[in-house]
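Enquirer: structure, please.
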Amino acid sequence: MFDSLSDKLQKVFKNLRGEGKLTAENMDAALREIRVALLEADVHFKVVKGLIEAVKEKALGQEVLSALNPSQQVVKIVHEELIKLLGSHASRLRFANEPPSVIMIVGLQGSGKTTSTAKLARWLSKNQHNPVMVSVDVYRPAARDQLAVLAKQLNLPIYAGVPGETKPLELAKSAKREAIQAGKDVILIDTAGRLHIDEDLMTELAELKATFDPVEILFVADAMTGQDAVKSAAEFHARLGVTGVILTKMDGDARGGAALSIRSVTGQPLKFIGIGEKPDAFEAFHPDRAASRILGMGDVLSLIEKVEETIDKKQAEEMQRKLLDNEFTLEDFRNQLKQLSKLGPLENLLGMMPGVGMLKELKNAKVDPKEISRVVAIIDSMTPRERDNHMLINGSRRRRIAAGSGTTVNDVNNLLKQYTQARKMMKSFSGSLQGQGFMGKKLAKLGMGKLPNLSDFKF
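Expert: So this is what the prediction gives:
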């Protein structure tokens, strides 16, 4: 997410740091490079023009030109302008004074509406709400079945309809009646989509809007389509009055043009982003955090939230104590790997780490979940004494462990080598986090020491 743009902007700022003094000339050169980087990231040209003009006006002021570290001042200005461009503050969902609140999910076919509906229902249930979903897409084959399958996987309620209900309005009305009876406070209506905008679709959506007066009409856009997503969002807003946008497939969009353009072009906030296929790969959008990630500053707050949501706090605190006391065993190593697998793809976590732009080899790290399973299998094949003291594992024990885990002696050797390296790194990194203020201590307490490098585990 934003990888390509982030890399280019960081090069611009690195060149500025190499200047002895910031002048109007080298500032103009830097702004030209920023403009090109934004356009190549597929940001709308009018948005780019406005951003560059705002940055230039502030950056060429006397306060910046005379600053002791002018390049840092420029980064600060770009950061502030990016936050404004993205929406200044996170836009929260609105809810009706009297439940149930009706939220319509709209968008073109293939944008990810149905998956986003299920993800939003999960997010709501995790945030003290009691939602129910209903699909009114009676045209696309198996569309309603798809939502039903997702609801079952997530153990979330859905109104499936009764025989004879074949019209979108009938389904939605019945879902609302059932929601009121069941005490649900939010109804998510997954609407039909088309490959393009047409009158029949808009008439149907307008009828649903007029009947239910939804508190939110969320447009789902595919980030991979870039400015086409922005254009579609603007057209839907003009016809329907969209209140917010869900941008899907952000994990596959290295440019980020749609995210940077959508608020300026549509006037409506980006409320959620989809960052993967899994149900939990769905986040509320925070403009300040996104701007920090674009500029290579990381997103520590999102990282902490993700860790707190998935990692057991007591176990993490015990892990931290063991790291500092040099008591980190193979069993702890195994538990750390299991915790890591819960947090999602490693590359997503690295994108939240400050300064990760300088570690290109880590940014492209890919960890196969099967590799983690095999490493766990090797450790599980050890005796409790061996897991507690790896120095006991001699040649014959290694052969027994390999046979028991279905791997080779070389695999066991690689694991032990990686374990000893990880043990040293995790202790030093965890100790350094303790000295880095509140955020560093928070991450250290949550067990987010140096995560083990799994790239050498090739089975």
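
Enquirer: give me the domain ranges for the protein.
Expert: Residue ranges for the structural domains of the chain, counted by automatic domain parsing, are given in the record as 3-86, 101-286, 301-445.

Enquirer: closest to Ile294 out of these?
Expert: For Ile294, the closest of the domains of the chain is domain 3-86, at 5.3 Å, according to Cβ to Cβ. Yep, even glycine has a C-beta here, placed from its N, CA and C like the rest.

Enquirer: ends of that closest one, what's the gap?
Expert: Domain 3-86 has an end-to-end distance of 17 Å (Cα to Cα, to the nearest Å).

Enquirer: how about stretch 220-227?
Expert: 14 Å.

Enquirer: among the domains of the chain, which is nearest Arg92?
Expert: Across the domains of the chain, the minimum distance to Arg92, taken as Cβ to Cβ, is reached by domain 101-286, at 7.9 Å.

Enquirer: now do the closest one, average pLDDT.
Expert: If you average the pLDDT over domain 101-286, you get 89.

Enquirer: distance between it and the chain's centre?
Expert: On the basis of Cα atoms, centre = their mean, to the nearest Å, the separation between the geometric centre of domain 101-286 and that of its chain is 18 Å.

Enquirer: so how far does it reach from one end to the other?
Expert: Between the opening and closing residues of domain 101-286 we find a distance of 23 Å, counting by Cα to Cα.

Enquirer: ok, now stretch 177-190?
Expert: Distances were taken as Cα to Cα; on that basis the terminal residues of stretch 177-190 are 17 Å apart.

Enquirer: tell me which residues are up against that stretch.
Expert: If you take Cβ atoms under 8 Å, 6 or more residues apart in numbering as the criterion, stretch 177-190 is touched by 95, 99-105, 113-114, 117, 120-121, 124, 129-137, 143, 147, 157, 159, 172, 175-176, 208, 212, 214.

Enquirer: ok, stretch 379-387 next?
Expert: Stretch 379-387 is touched from outside by 329-331, 333-334, 392-393, 397, 400-402, 404-405, 415, with contacts defined as Cβ under 8 Å, 6+ apart.

Enquirer: just stretch 86-101 next, same as before
Expert: By Cβ under 8 Å, 6+ apart, the list of residues contacting stretch 86-101 from outside reads 102-103, 132, 176, 179-180, 184-187, 214-216, 243-244, 259-260, 263, 269-271, 284-287, 290-291.

Enquirer: hmm, back to that, in a markdown table: the contacts of stretch 379-387, plus pLDDT.
Expert: Rendered in a markdown table, the data for those read as follows (pLDDT from 0 to 100):
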| residue | pLDDT |
| --- | --- |
| Thr329 | 85 |
| Leu330 | 86 |
| Glu331 | 85 |
| Phe333 | 81 |
| Arg334 | 82 |
| Leu392 | 92 |
| Ile393 | 93 |
| Arg397 | 94 |
| Arg400 | 95 |
| Ile401 | 94 |
| Ala402 | 93 |
| Gly404 | 93 |
| Ser405 | 91 |
| Leu415 | 89 |
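
Enquirer: what is the nearest of those to Asp198?
Expert: Nearest to Asp198 out of the contacts of stretch 379-387 is Arg334 (Cβ to Cβ; 55.2 Å).

Enquirer: so how far is Ile378 from the closest one?
Expert: According to Cβ to Cβ, to the nearest Å, Arg334 and Ile378 sit 9 Å apart.

Enquirer: who has more neighbours out of these two?
Expert: Using other Cβ atoms under 10 Å, the more surrounded residue of Arg334 and Ile378 is Ile378, with 24 against 20.

Enquirer: what helix or strand is that one located in?
Expert: Assignment of secondary structure by DSSP states H and E places Ile378 within helix 369-380.

Enquirer: following that helix, which helix or strand comes up?
Expert: Once the chain leaves helix 369-380, the next helix or strand it forms, by DSSP H and E, is helix 384-388.

Enquirer: average model confidence for that next one?
Expert: pLDDT averaged over helix 384-388 equals 91, rounded to a whole number.

Enquirer: so how far is it from its chain's centroid?
Expert: Per Cα atoms, centre = their mean, the centroid offset for helix 384-388 relative to its chain is 37 Å.

Enquirer: swap in stretch 10-28?
Expert: Here the centre of stretch 10-28 is set off from its chain's centre by 32 Å, with Cα atoms, centre = their mean.

Enquirer: could you look up the SS state of Ile103?
Expert: Secondary structure assignment for Ile103 (DSSP: H, G, I helix; E, B strand; the rest coil): strand.

Enquirer: surely it and Phe212 touch.
Expert: No - Ile103 is beyond contact range of Phe212, at 9.6 Å (criterion: Cβ atoms under 8 Å).

Enquirer: so which of the contacts of stretch 86-101 belong to helices?
Expert: Lys176, Ala179, Ile180, Ala259, Leu260, Arg263, Pro287, Ala290, Ala291 (DSSP state H).

Enquirer: which of these tops the neighbour count?
Expert: Neighbour tally across these (other Cβ under 10 Å): the maximum, 29 neighbours, falls on Ala259.

Enquirer: please tell me how far that residue sits from Gln181.
Expert: 40 Å.

Enquirer: same deal with Pro279?
Expert: Using Cβ to Cβ, which is the criterion applied here, Pro279 is 27 Å from Gln181.

Enquirer: okay, the two: which has more neighbours?
Expert: Legend: neighbour count by other Cβ under 10 Å for Pro279 and Gln181, higher for Pro279 (16 against 8).

Enquirer: what secondary structure does the more buried one sit in?
Expert: Under three-state DSSP, Pro279 comes out as coil.
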